[in-house]
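Peer 1: need the 3D shape of this:
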Amino acid sequence: MDLHFGDSKPTDDERAAVDALFGPPESSWEGADRSDADLRWARGGHEARNRRDLLLPGLHAINDRIGWISEGALGYLCRRLTVPPAEAYGVATFYAMFSVGPRPATVLHVCTDLACAAADAAGLCAGVESRLGPGSGVTVERGPCLGLCERAPAALAVRAGDPVRTAVAAPASVEAAVLAASAPDSAPQERPAVDAVPQAGDPSLILLSRVGVVDPSSLDDYRAHGGYTALRRAFALGPAGVIREVTDSGLLGRGGAAFPTGRKWQATASQPDHPHYLVCNADESEPGTFKDRVLMEGDPYALVEAMTVAAYATGAHRGYLYLRGEYPRALNRMRDAVDRARARGLLGDDILGHGYAFDIEIRRGAGAYVCGEETALFNSIEGYRGEPRSKPPFPVEKGLFGRPTVENNVETLVNVLPILTMGAPAYAAIGTARSTGPKLFCVSGSVGRPGVYELPFGATLGELLTLAGAGEGLRAVLLGGAAGGFVRPDELHIPLTFEGTREAGATLGSGVVMAFDDTVPIPRVLLRIAEFFRDESCGQCVPCRVGTVRQEEALHRIVERTGADAAEDITVLREVGRAMRDASICGLGQTAWNAVESAIDRLGAYE
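Peer 2: Now for the predicted structure:
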């Protein structure tokens, strides 16, 4: 491997940021200030290359301390890990939250995605930018969904330093956003997670029953409310028994693909290759999705316990929690929960005295929607660009680090706890025969009570919107987020099940339900969806890389014109959409046309 380093040197702060993560360098090869000839050989080179997966944490360390990643800082990080700087540059520039050019220490991220756009995010941006001029020491960046859709419009301020400081303004006024950016330590405390659960206190809740009831920082409080009952039953059943319970429950993945969880676990557990890994996908970047954030902020120990159960069942001894970079409070809550569980013997070498070893490592994303795809997520953890891999081989055979890996999202894993505590038959009796159990829905947009709702599968879209306070003048409902599709106000009888939405020509996706009244211009919403997919395409495959651009261009032309002129562009959109759906390597390109197609066919968006 040829490593070509430039002449730029890291500053003392940049060096300190990297050394705080890895410890001081041991040789000049690693960047130590020594004048002897130990540059003639790379001592520890193999060991350093085995730490390639620490590239993303290293980039975060620099970006958190300095606010951007200079050539000297990147070169020093690459020396520590024996990574070619050109490859590391490709990784650093892949993520929206990193910058390789100078910028102020404070960045204010203002969401301009669907829910926030409908809540006048454009006006918020204009007001903030006029107040925070070039000399303010703040960079205002318009960006994709921050996962705060129930409190739109939203802004997240990040001030680099030791430690990095963050502040959230949601719902954000110009004054609140400016305060968050200029004085993050003085900004009002973020609302508790229970504020995002309009049903809080309802005795019928299962997945959300502890949110707002337990202190999310207290392990004792969690255990007093039924915590770790499921793990004890898992140890009593044994790995095969746990998988049998999950299979009999009929649990389907809640991330959108709806794959049977028991089958995935069994396929991983049966692989002879070791070690096995568990990955929890908490990178919910679908516009309109925020349920996993609420679970991690309001009931973090439930996820720690659920990951432990899943790892035990599948023979994994190490788990990775890949968490959105835009979720600072969820990150702090999960770090605290993991540390406390480890200190109390609920993670580590001998969990609950059963001789089973398992531990969790938290990895932060940095702003890349495509990393919600499981193989792109694996690449991101391993220190590469978050680009999807071709399948087969499938992750249960060769996943993270080329080993058998089970990957589930937060909601899927948390469902495992009631399966074990109430038993598979009782769990399967909830919902419908093909969509069992409770489901979380993220409701936002033109409703009076936005938030996360828990309903059994089979409830209708109308029942959910009534709970959320949808009023008159409803124009359309977006199911499944940007990758989903629109339905009309006369289709609210659609049952909220995987099979029911499929039969209606829609998709349940990850549970996004976004309502739009007649004050929201649907063509502008479609254009924002197209801009989102163009921004988030990783560029690896031609159908998606070119198709998302062509889709956006056609929608721009349609929005700027009216009448018969749209017909030709709609034809182009259909051709491009078919090409992306048939030939893209991953779900991003395959679904980038869905919402536009449904708006044209079901809503008559351009008539």
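Peer 1: after the one helix or strand in the chain whose mean pLDDT sits lowest, next one along is what?
Peer 2: One helix or strand of the chain scores below all others by mean pLDDT, DSSP states H and E: helix 45-49, with a mean of 63. The helix or strand immediately downstream of helix 45-49 is helix 55-66, counting by DSSP states H and E.
Peer 1: for that next one, name the packing helices and strands.
Peer 2: helix 12-22, helix 71-81, helix 85-92, strand 359-364 (3 or more C-beta pairs under 8 Å, 6 or more residues apart in numbering; DSSP states H and E). Glycine gets a C-beta too; all of them are placed from N, C-alpha and C.
Peer 1: and the following helix or strand past the shortest one, what does it pack against?
Peer 2: The C-terminal neighbour of strand 359-364 among helices and strands, as given by DSSP H and E, is helix 374-382. Under the contact criterion of 3+ C-beta pairs under 8 Å, 6+ apart, helix 374-382 touches strand 276-282, strand 316-323, strand 405-409.
Peer 1: which parts of the stretch 51-200 of the chain are helices?
Peer 2: 55-66, 71-81, 85-92, 114-118, 121-131, 174-182 (DSSP state H, counting those that start in this stretch).
Peer 1: correction: the previous question concerned the stretch 201-350 of the chain.
Peer 2: 219-224, 229-237, 239-249, 261-269, 291-298, 300-314, 328-343.
Peer 1: sorry, back to before: out of the helices of the stretch 51-200 of the chain, nearest to residue 296?
Peer 2: Nearest to residue 296 among those is helix 55-66; the distance by C-beta to C-beta comes to 18.2 Å.
Peer 1: quick one: distance of that closest one to the chain centre.
Peer 2: Relative to the centre of its chain, helix 55-66 is centred 19 Å away, using C-alpha atoms, centre = their mean, to the nearest Å.
Peer 1: quick one: mean pLDDT over that helix.
Peer 2: Throughout helix 55-66, pLDDT has a mean value of 98.
Peer 1: contact partners of it?
Peer 2: The contact list for helix 55-66 (C-beta atoms under 8 Å, 6 or more residues apart in numbering) reads 11, 13-14, 16-18, 20-22, 69, 73-74, 77, 80-81, 83, 88, 91-92, 95, 97-99, 105, 160-164, 325, 363-364, 366, 380-381, 383.
Peer 1: I'd say residue 442 and residue 513 touch.
Peer 2: Yes: using C-beta atoms under 8 Å, residue 442 is in contact with residue 513, at 6.7 Å.
Peer 1: still on that earlier bit, so which of the helices of the stretch 201-350 of the chain is nearest residue 147?
Peer 2: Nearest to residue 147, of the helices of the stretch 201-350 of the chain and by C-beta to C-beta, is helix 291-298 at 5.0 Å.
Peer 1: tell me how far residue 273 lies from residue 405.
Peer 2: 11 Å (C-beta to C-beta, to the nearest Å).
Peer 1: quick one, which of those two is more surrounded?
Peer 2: Neighbour count, other C-beta atoms under 10 Å: between residue 273 and residue 405, residue 405 has more, with 27 against 10.
Peer 1: residue nearest the centroid of this protein?
Peer 2: residue 283 (1.6 Å; C-alpha atoms, centre = their mean).
Peer 1: check contacts around residue 500.
Peer 2: 432, 435, 458, 494.
Peer 1: number of residues surrounding residue 95?
Peer 2: Close neighbours of residue 95, defined as other C-beta under 10 Å, add up to 21.
Peer 1: okay but it is in contact with residue 369, surely?
Peer 2: No: between residue 95 and residue 369 there is no contact under C-beta under 8 Å: 10.8 Å.
Peer 1: between these two, what contacts are shared?
Peer 2: With C-beta under 8 Å, 6+ apart, residue 95 and residue 369 have no common neighbours.
Peer 1: residue ranges for the helices of the stretch 451-600 of the chain, please.
Peer 2: 461-467, 498-503, 522-536, 542-560, 566-583, 587-591, 594-602.
Peer 1: which other helices and strands contact the longest one?
Peer 2: For helix 542-560, the elements it packs on are helix 522-536, helix 566-583, helix 587-591, judged by 3+ C-beta pairs under 8 Å, 6+ apart.
Peer 1: reformat those as TSV; add mean pLDDT.
Peer 2: TSV is the format used below for the helices and strands packed on helix 542-560 (pLDDT from 0 to 100):
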stretch	mean pLDDT
helix 522-536	94
helix 566-583	93
helix 587-591	93
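Peer 1: format those as JSON lines; extra columns: mean neighbour count.
Peer 2: Formatted as JSON lines, the helices and strands packed on helix 542-560 follow (neighbours: other C-beta atoms under 10 Å):
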{"stretch": "helix 522-536", "mean neighbour count": "21"}
{"stretch": "helix 566-583", "mean neighbour count": "17"}
{"stretch": "helix 587-591", "mean neighbour count": "22"}
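Peer 1: relative to residue 358, which of these is closest?
Peer 2: So among the helices and strands packed on helix 542-560, helix 587-591 is nearest, using C-beta to C-beta, at 29.7 Å.
Peer 1: other residues contacting the closest one?
Peer 2: So helix 587-591 is in contact with 256-257, 369-370, 373, 388, 483-484, 533, 536-538, 541, 543-544, 547-548, 580-581, 583-584, going by C-beta under 8 Å, 6+ apart.
Peer 1: how far does that helix sit from the chain's center?
Peer 2: 16 Å.
Peer 1: can you check stretch 122-131 too?
Peer 2: 27 Å.
Peer 1: of all the residues in it, which ones are buried?
Peer 2: Neighbour-count burial for stretch 122-131 flags 124-125, 127-129, 131 (criterion: 16 or more other C-beta atoms under 10 Å).
Peer 1: what residue ranges in this protein are flagged as low confidence?
Peer 2: Low-confidence segments of the chain (pLDDT under 70): 1-5, 34-49, 562-564.
Peer 1: run the last query once more with 50
Peer 2: Across the chain, the ranges flagged by pLDDT under 50 are 1.
Peer 1: could you check how far residue 388 is from residue 219?
Peer 2: Residue 388 sits 37 Å away from residue 219, going by C-beta to C-beta.
Peer 1: who's more crowded, the two?
Peer 2: Of the pair residue 388 and residue 219, residue 388 is the one with more neighbours under other C-beta under 10 Å, namely 24 against 21.
Peer 1: surely that one is in contact with residue 370?
Peer 2: Yes: the pair residue 388 and residue 370 passes the contact test of C-beta under 8 Å, sitting 6.8 Å apart.
Peer 1: shared neighbours, these two?
Peer 2: 376, 538, 586, 588.
Peer 1: wait, isn't the first one in contact with residue 388?
Peer 2: Yes: here residue 376 lies in contact with residue 388, judged by C-beta under 8 Å, at a distance of 4.6 Å.
Peer 1: which residues do the two both contact?
Peer 2: Residues touching both residue 376 and residue 388 (C-beta under 8 Å, 6+ apart) are 370, 538, 586.
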